[in-house]
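> just the structure for this:
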Amino acid sequence: MGETHFGFQTIDEEEKAHKVGAVFHSVARRYDLMNDVMSVGLHRLWKRFTVEISGVRPGAKVLDVAGGSGDLARLFVHKVGPHGQVILTDINASMLNVGRDRLIDAGLLVPIVQCDAENLPFPDNVFDRVSVGFGLRNMTHKERALKEMQRVLKPGGCLLVLEFSQAWRPLRPVYDAYSFKLLPLMGKLLANDEASYRYLAESIRMHPDQETLKAMMLEAGFGRVDYYNLTGGIVALHKGWKY
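Okay, here's the model as predicted:
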């Protein structure tokens, strides 16, 4: 049994899924509120940019991995139209329930599947697009998850990874102060959960930077990988093509 990171802690790999699950069970009901507060609403623009740059067409089949809140799934549904399909997955039942309820409230019936991104229950070469928004950093074996997402894509399809990344150097002092002082305080005041939001800040710092993630995606079998820095590199969108 190996070791991995849970925020800044080093723990046994088998513990990580349980600990991450506990975090998202805790924050699920206030996840959207906290996203709006933490990003000053920018997360909605980042997600819209992801869908717009995906190049997805009407009739396409899309898999949204670790997409519990349903934000990306909802945007993709409007792009693929009545003849396309979007499937929403998450490993966390609490987050998936939130996403399901929000989609139903919006009048959208989207298939949902509770599953582990490191072992997707889908055949090879099925989807035109696969997306993962702010979920990859919480996965224990990122390389395995990337290979799984590559496997289920059709040749010519692409993976879109929207994730916090390494901010531009001039922004880092302010960003660090925000992440490690203000963010846990907001978690305490708005969600009565300081520890979970401290973990979210720490997990961002432990996630691979832009070039490292690009190299990981190429190693996972993607033929070409581009990335776009958003909001000064605080967030990056990686786009990997399967040839």
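> all contacts plus neighbour counts: C-alpha atoms, from now on.
Fine.
> only the buried residues of the lengthiest strand in the chain, if you could.
Using DSSP state E, we find that the single longest strand of the chain is strand 153-164. Judged by neighbour count (16 or more other Cα atoms under 10 Å), strand 153-164 contains these buried residues: Leu153, Lys154, Gly157, Cys158, Leu159, Leu160, Val161, Leu162, Glu163, Phe164.
> check these and tell me the two furthest apart.
Taking Cα to Cα as the measure, the buried residues of strand 153-164 span a maximum distance of 26.5 Å, between Lys154 and Phe164.
> related to what we said a few turns ago, of all the buried residues of strand 153-164, which comes closest to Tyr228?
Within the set of the buried residues of strand 153-164, Leu162 lies nearest Tyr228; the separation is 9.5 Å, counting by Cα to Cα.
> which residues are in contact with that closest one?
Contact partners of Leu162, counting by Cα atoms under 8 Å, 6 or more residues apart in numbering, are Trp46, Lys47, Thr50, Ser131, Val132, Gly133, Phe134, Val235, Ala236, Leu237, His238.
> number of residues surrounding the first one?
Pointing back at Trp46 there. Here the neighbour count serves as a burial measure; for Trp46 (other Cα atoms under 10 Å) it reads 19.
> same deal with the fourth one?
By other Cα under 10 Å, the residues close to Ser131 number 26.
> I'd assumed it was in a strand, is it?
Yes - counting by DSSP: H, G, I helix; E, B strand; the rest coil, Ser131 is part of a strand.
> please name the bridge partners of it.
Counting by DSSP bridges, Ser131 forms beta bridges with Asp64, Leu160.
> so it makes contact with Leu63?
Yes - taking Cα atoms under 8 Å as the definition, Ser131 is a contact partner of Leu63 at 6.3 Å.
> got the confidence number for Glu15?
On pLDDT, Glu15 comes in at 65.
> and the one 3 residues further on, by the same measure?
We note a pLDDT of 66 for His18 in this prediction.
> what about the helices in this structure?
If you assign secondary structure with DSSP state H, the helices in the chain sit at 13-27, 31-39, 42-53, 71-80, 93-105, 142-152, 172-177, 183-191, 194-206, 210-219.
> just send the ones you listed back as CSV, with distance to Val225 too.
Supplementary listing: those in CSV, determined by distance: least, Cα to Cα, whole Å:
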stretch, distance to Val225
helix 13-27, 28
helix 31-39, 26
helix 42-53, 14
helix 71-80, 20
helix 93-105, 29
helix 142-152, 12
helix 172-177, 26
helix 183-191, 32
helix 194-206, 21
helix 210-219, 6
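> sorry, back to before: kindly calculate the angle that the longest strand of the chain makes with helix 142-152.
Counting by axes from the mean of the first three to the mean of the last three Cα atoms, to 10 degrees, strand 153-164 points 140 degrees away from the direction of helix 142-152.
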